[in-house]
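S.K.: Build the 3D model from these lines:
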Amino acid sequence: MADFVGAIDQGTTSTRFMIFDRGGNEVGKHQLEHKQYLPQAGWVEHNPLEIWERTSAVIRTALAQSKLQASDLAAVGITNQRETTVVWDRRTGRPYYNAIVWQDTRTDRIASALDRDGRGDTIRRKAGLPPATYFSGGKIQWILENVEGVREAAQRGDALFGNTDAWTLWYLTGGSDGGVHITDVTNASRTMLMNLETLDWDDELLSFFDIPRSMLPEIRPSSDPSLYGTTRAGGPFAGEVPLPATLGDQQAATVGQVCFSPGEAKNTYGTGNFMLLNTGTELVRSKSGLLTTVCYQFGDQPAVYALEGSIAVTGSAIQWLRDQLGIISGAAQSESLARQVEDNGGMYFVPAFSGLFAPYWRSDARGVIVGLSRYNTNAHLARAALEAICYQSRDVVEAMEKDSGVALEFLKVDGGITANKLCMQLQADILGVPVSKPVVAETTALGAAYAAGLAVGFWQNTDQLREQWHEDQRWEPTWSDEQREEGYKGWKKAVERTLNWVEVG
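M.R.: Here you go, the predicted structure:
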């Protein structure tokens, strides 16, 4: 009997494969980073073939280290960095161009044009998204217009599009030898091309970007008992394993945090921050700069929707301190450095490297460090970077409360930055509510495993999953109301300084 479920977590900076038992406990994991290509200002790319090679390697290594094989896995789920766009040749499996990452801003003119002529309102109504560089539609259009031969290949039916879930799934199921071209409703809802009501590609939205429908994967539920397919015996699993589930990473984390009831919210701290509020089967249209998105769909049940606040740069700001400035040698050092000072010394850091996402949606913004005096040190900068993560989350919470009418009482958190205890304390202080971290902090992979396990009967229902959620640590607010509001006032002033920095045509 298969006693485990696997999860492929293909993220922005790395890929991991995790193995869970019936209690939702981690029994195996391996993770590898992949290279970030920055060919010019505002451009962020990945090599899709490197991602596939890393995916294969982490699967093989995790299985070997756990002394498990394909037959020990009841199913495997996939979760992925959303919006990151791959276009490849169905005959050869070769990408026509590097993957254009969700952080990339080269499509700012495409997004601005959509808003200028009124098409943006249609995208908001049908797709639940504002026209922005963040989403896949403009990235596909850019590849079709700028990479030689791709438009012709698309018209012949040879060019396929997918986010990295579809790219990985296609290779796992055979690639150019019969690989399935499928995505799920959560990933499709991040393209500006899917109608939230029909859960299908929308011909009017496709026409806005001049994208042939033949490029697009088939849309399925996030957890599908009929399966997407099975792994090929010659692939990294060296055997056949059911592949019944795919979820975009933030929706997967929502499932991993067992936010199955309307009004439940989670915040994931990774390369960026992503807060999701479950709104049930009701489509809630945001008036405050949030996204309306699909949260998940299990089998033939109705889709569950969410309001989302997406923040482009949080953990990657810490990576920037390490890689570009060299003031820390690793992410963990950001905490020890920031603890050397009692406060930010009047300094604010707004890391708008890719413009500002929710709730501002300003592609003309760029990063700023303000309030400097000779008193400030690299420790103040490290603390300001941690505070920026938390202040950006407060911006989203404020918008969420306006849209939903529900005040946040406590916040479930997950992701790598939750290991930074100072950052989590700052989050509680800046929000003024308790912050709660589960025992399994890597809830993105856990959510993909849950979705896969539900599809094949490994777990019976979501109530069983709720029973497995356990709190590991909680942070209570310590700041006074006056201190909290004074700090947030300074943050809002700093955000104003980021705006209108670059010309957007």
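
S.K.: When you work out contacts or count neighbours from here on, use the C-alpha atoms and nothing else.
M.R.: Fine.

S.K.: ranges for the helices of the stretch 101-250 of the chain?
M.R.: Applying DSSP state H, counting those that start in this stretch to the stretch 101-250 of the chain gives helices spanning 108-116, 119-127, 136-146, 150-156, 164-172, 185-188, 203-209, 249-256.

S.K.: which element is the residue lying farthest from the centre of the chain on?
M.R.: Largest separation from the mean C-alpha position in the chain: residue 374, at 37.9 Å (CA atoms, centre = their mean). In this structure, residue 374 is located outside every helix and strand according to DSSP states H and E.

S.K.: Now do the buried residues in the helix or strand that contains residue 393.
M.R.: Using DSSP H and E, residue 393 falls within helix 378-404. For helix 378-404, burial by neighbour count (16 or more other CA atoms under 10 Å) applies to 378-397, 399-400, 403-404.

S.K.: which is the next helix or strand following that helix?
M.R.: Following helix 378-404 in sequence order, the next helix or strand is strand 411-414 (DSSP H and E).

S.K.: and that next one, what other elements does it pack with?
M.R.: Strand 411-414 is packed against strand 265-269, strand 435-438, with contacts defined by 3 or more CA pairs under 8 Å, 6 or more residues apart in numbering; DSSP states H and E.

S.K.: Deepest-packed of the ones you listed, please.
M.R.: strand 265-269 (a mean of 26; mean count of other CA atoms under 10 Å).

S.K.: Show me what that one is packed against.
M.R.: Using 3+ CA pairs under 8 Å, 6+ apart: strand 265-269 touches helix 249-256, strand 273-280, strand 411-414.

S.K.: per-residue confidence for the residue nearest to residue 297 when sequence neighbours are not counted?
M.R.: If the residues on either side of it in the chain are set aside, residue 297 comes closest to residue 303, at 4.5 Å by CA to CA, 6 or more residues apart in numbering. Confidence at residue 303, expressed as pLDDT, is 96.

S.K.: next one: residue 505
M.R.: pLDDT at residue 505 comes out at 62.

S.K.: ok, now residue 491?
M.R.: 98.

S.K.: which ones are touching it?
M.R.: Residues in contact with residue 491, defined by CA atoms under 8 Å, 6 or more residues apart in numbering, are 348, 391.

S.K.: Relative to residue 400, how far out is it?
M.R.: Going from residue 491 to residue 400 by CA to CA, to the nearest Å gives 18 Å.

S.K.: same check, this time on residue 411
M.R.: Taking CA to CA, one finds residue 411 at 13 Å from residue 400.

S.K.: now swap in residue 257 and tell me
M.R.: To residue 400, residue 257 is 18 Å away according to CA to CA.

S.K.: Am I right that residue 491 is in a strand?
M.R.: No. Read with DSSP: H, G, I helix; E, B strand; the rest coil, residue 491 is helix and lies in no strand.

S.K.: Any stretches of the stretch 1-150 of the chain with poor pLDDT?
M.R.: Applying pLDDT under 70 to the stretch 1-150 of the chain picks out residues 1.

S.K.: what about 50?
M.R.: Flagging of the stretch 1-150 of the chain using pLDDT under 50 yields an empty set of residue ranges.

S.K.: for residue 259, what are its contacts?
M.R.: Contacts of residue 259 (CA under 8 Å, 6+ apart): 265, 266, 278.

S.K.: Look at it and give its secondary structure.
M.R.: Once three-state DSSP is applied, residue 259 turns out coil.

S.K.: when you give positions from now on, start the count at 3
M.R.: Fine by me, first position is 3 from now on; the one you just mentioned is residue 261.

S.K.: distance between the helix or strand containing residue 33 and the chain's centre?
M.R.: Under the criterion of DSSP H and E, residue 33 resides in strand 28-35. Between the centre of strand 28-35 and the centre of its chain there are 19 Å (CA atoms, centre = their mean, to the nearest Å).

S.K.: Would you mark the buried spots in that strand?
M.R.: Within strand 28-35, the residues scored as buried using 16+ other CA under 10 Å are 28, 30, 31, 32, 33.

S.K.: Could you list every helix and strand in contact with it?
M.R.: Strand 28-35 packs on strand 16-22, helix 50-68, going by 3+ CA pairs under 8 Å, 6+ apart.

S.K.: now it and helix 50-68, what's the angle there?
M.R.: 150 degrees (axes from the mean of the first three to the mean of the last three CA atoms, to 10 degrees).

S.K.: Could I get the CA-only coordinates of strand 28-35 as PDB?
M.R.: Output of strand 28-35 as PDB, limited to C-alpha atoms (Å, rounded to 0.1, in the frame of the first residue of the first chain):
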ATOM      1  CA  GLU A  28       7.300  15.800   6.300                       C
ATOM      2  CA  VAL A  29       9.200  12.600   5.700                       C
ATOM      3  CA  GLY A  30      11.500  13.700   2.900                       C
ATOM      4  CA  LYS A  31      12.700  16.800   1.100                       C
ATOM      5  CA  HIS A  32      15.300  18.000  -1.400                       C
ATOM      6  CA  GLN A  33      15.600  21.500  -2.800                       C
ATOM      7  CA  LEU A  34      17.800  23.200  -5.500                       C
ATOM      8  CA  GLU A  35      18.100  26.800  -6.600                       C
END
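
S.K.: Next SSE downstream of that strand?
M.R.: Counting by DSSP H and E, what follows strand 28-35 is strand 47-48.
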